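1. Sequence plus the predicted model coming up.
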Amino acid sequence: GAVVSQHPSRVICKSGTSVKIECRSLDFQATTMFWYRQFPKKSLMLMATSNEGSKATYEQGVEKDKFLINHASLTLSTLTVTSAHPEDSSFYICSARDPGSPTNEQFFGPGTRLTVL
Amino acid sequence: RKEVEQDPGPFNVPEGATVAFNCTYSNSASQSFFWYRQDCRKEPKLLMSVYSSGNEDGRFTAQLNRASQYISLLIRDSKLSDSATYLCVVLNQAGTALIFGKGTTLSVSS
């Protein structure tokens, strides 16, 4: 099946720093990518929809100035957590929809575990 | 009412058991439904799509009841490797994003 990669897989940073997470679709072009966040024992929550060449669409309650999304190419979307705080510690997962999939399947990256000290 | 609701479990069953998970969704206009599997600290992976007529994939059977807005997953002859969290997922009305339930945790023991 289609492959989506994420980098880094794990990051530990100090409060106040910014962290960039990359999401790449490796064998298909994705005009749309999605960013999710998952807190322990909670469901995945959609944060934003990343559209290649245009501004991301953020879900209600997600600060667009804190979570910067850039979808500069058909295979790469980045999420930057600016001025991270301990409450931003979470599992961040991206996904990409394969336009060639007849079932609207989204393929998920392996996730990035962020710990803010 | 939450958009997608699941019984969180955990379900603790012996190998070989049959176990069923249920899920309800709130938006009657939802068109596509899925079951994903998530292992601990890993990303979700598609287990199977759910079709109106019901569908089966080996030991796994998925059912959809649109009138009741209810989705189910049946696992027969449970294996140790089936231990995971099973996520009920609905494609939103606009067809643009997936809505996840909190998941149901299954633990299969020998």
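-> That came through fine.

2. how about the nearest residue to residue B:39, chain neighbours excluded?
-> residue B:84 (5.1 Å; C-beta to C-beta, 6 or more residues apart in numbering or on different chains). Every residue, glycine included, has its C-beta placed from N, CA and C.

3. Which pLDDT value belongs to that neighbour?
-> With respect to pLDDT, residue B:84 scores 96.

4. For chain A, list the residues in contact with chain B, please.
-> Neighbours of chain B within chain A, by C-beta under 8 Å from any C-beta of the partner chain: A:32, A:34, A:36, A:41-46, A:49, A:91, A:93, A:95, A:103-106, A:108-111, A:113.

5. lowest-pLDDT helix or strand in the chain?
-> Just going to use chain A. Across the helices and strands of chain A, the lowest-confidence element by mean pLDDT, DSSP states H and E is strand A:106-108, at a mean of 87.

6. if you could check chain B rather than the one you did, that'd help
-> Sorting the helices and strands of chain B by mean pLDDT, DSSP H and E puts strand B:98-100 at the bottom, at a mean of 89.

7. neighbouring contacts of that one?
-> Applying C-beta atoms under 8 Å, 6 or more residues apart in numbering or on different chains, the contact partners of strand B:98-100 are A:34, A:36, A:43-46, A:95, A:106, B:3-4, B:25, B:34, B:36, B:44, B:87-92.

8. Okay, now the sheet partners of that strand, with direction.
-> Applying DSSP bridges, strand B:98-100 is found paired with strand B:84-91 (antiparallel).

9. Return the set of buried residues in the strand it pairs with.
-> Of the residues in strand B:84-91, B:84, B:85, B:86, B:87, B:88, B:89, B:90, B:91 count as buried by neighbour count, 16 or more other C-beta atoms under 10 Å in any protein chain shown.

10. Which one of these is nearest to chain A?
-> When the buried residues of strand B:84-91 are ranked by distance to chain A (C-beta to the nearest C-beta), residue B:91 comes first, at 6.0 Å.
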